[in-house]
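Let me see the structure of the following:
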Amino acid sequence: MPPVFAHGRLRLYLLKLLDEAPRHGYEVIRLLEERFQGLYAPSAGTVYPRLAKLEAEGLVTYATEGGRKVYSITEAGRAELADRSGELADLELEIRDSVTELAAEIRDDVRGAAGDLRREMRAAASASATRVDDESWKTIKEEMSKARQEWKEQARRAKDESRRAREEAQAARRQAKEAQERAREEVQRIAGQLQEQFAKSGGVLGSLAGAWLGGAPSAATATAPPADTDWADDLKPTGDPARDLDRMLDRFRDDIRDAARDHGVSAAQLAEARVHLAAAAARLTGTLHGPN
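Numbers count the residues shown, from 1 in each chain. Below is the predicted model:
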């Protein structure tokens, strides 16, 4: 039988389970068994070393509760899940395919075992036909009937599991397609907002487009004065203009990062910030291109 998880796939799926909720190792094993409908369950020797490795890599952490380690995903773990979202969707499909293959193998094993049992019972009945009485023969037939019923039940369950696996695989494909459509719509929406911002800003952004593409700034951009001459006036001059400019740029960067950390950044704010940064870059570049 081929391996249920390809190389590195179990590691990714453990991150997915811990992203759903914090869990201890035994719960992770039980959930994996449920996802495979009881057809596969990893051993503790497979799961616990991988959890320990994820913890060493900083992707998960744990707290001790009732003598057990309860593992939780970290922000680094969530970042890896986000980076591998497409691979995770493929993994869900692979799991459903694995369930189908395991069900088929079990069905074949049951069919073979039932056939072997029938042959053995017929051989035994033939060898002892002259010695068994009517009651013994009745018992043999009952055992054969019971074996046939068990085989039919196993075959029915395997068929149901295969059907469920196909349905779940189709649902996963639909969900992946819907996610792609939503992502495409979000990109189009943000692009539309940026276009609207550019349209509202008029000629200023026209000159900025040239600056972003490496063109020369317009005369209006090059000669525009700074908005606040008192900003960063606590930075004492060093006598080296290039060094003083670096210090002001550092102060500017720190102020913006502090504001973003304290208040957060939305997609709309990011788009607006890009416009403002482009304007500042164009104006400063124009100033530095002028005569010293």
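
CA atoms for contacts and neighbours, from now on please.
Noted.

mind listing the helices for the stretch 101-250 of the chain?
Using DSSP state H, counting those that start in this stretch, the helices found in the stretch 101-250 of the chain span residues 134-201, 203-212, 219-223, 241-263.

Confirm that V70 sits in a strand.
Yes: according to DSSP: H, G, I helix; E, B strand; the rest coil, the state of V70 is that of a strand.

The nearest residue to it once chain neighbours are set aside and T61, how far apart?
For V70, ignoring the flanking residues on the chain, the nearest one in space by CA to CA, 6 or more residues apart in numbering is H24 at 4.3 Å. H24 sits 11 Å away from T61, going by CA to CA, to the nearest Å.

can you list residues touching both of those two?
Residues touching both H24 and T61 by CA atoms under 8 Å, 6 or more residues apart in numbering: Y71.

quick check: mean pLDDT across the host helix or strand of R283?
Per DSSP states H and E: R283 is located in helix 267-289. For helix 267-289, mean pLDDT rounds to 89.

in the stretch 1-150 of the chain, which ranges drop under the pLDDT threshold?
Applying pLDDT under 70 to the stretch 1-150 of the chain picks out residues 1-8, 98-118, 121, 124-134.

rerun at 50
1-2 (pLDDT under 50).

Could you look up the SS state of the residue nearest to Y71 when sequence neighbours are not counted?
Nearest non-adjacent residue to Y71, counting by CA to CA, 6+ apart: Y62, 4.2 Å away. Here Y62 is recorded as strand under three-state DSSP.

and the gap between Y62 and L12?
17 Å.

same question, D254
36 Å.

Same question for A273.
Counting by CA to CA, the gap from A273 to L12 is 35 Å.

Between the two, which has more neighbouring residues?
Just comparing A273 and L12: by other CA atoms under 10 Å the higher neighbour count belongs to L12, 18 against 14.
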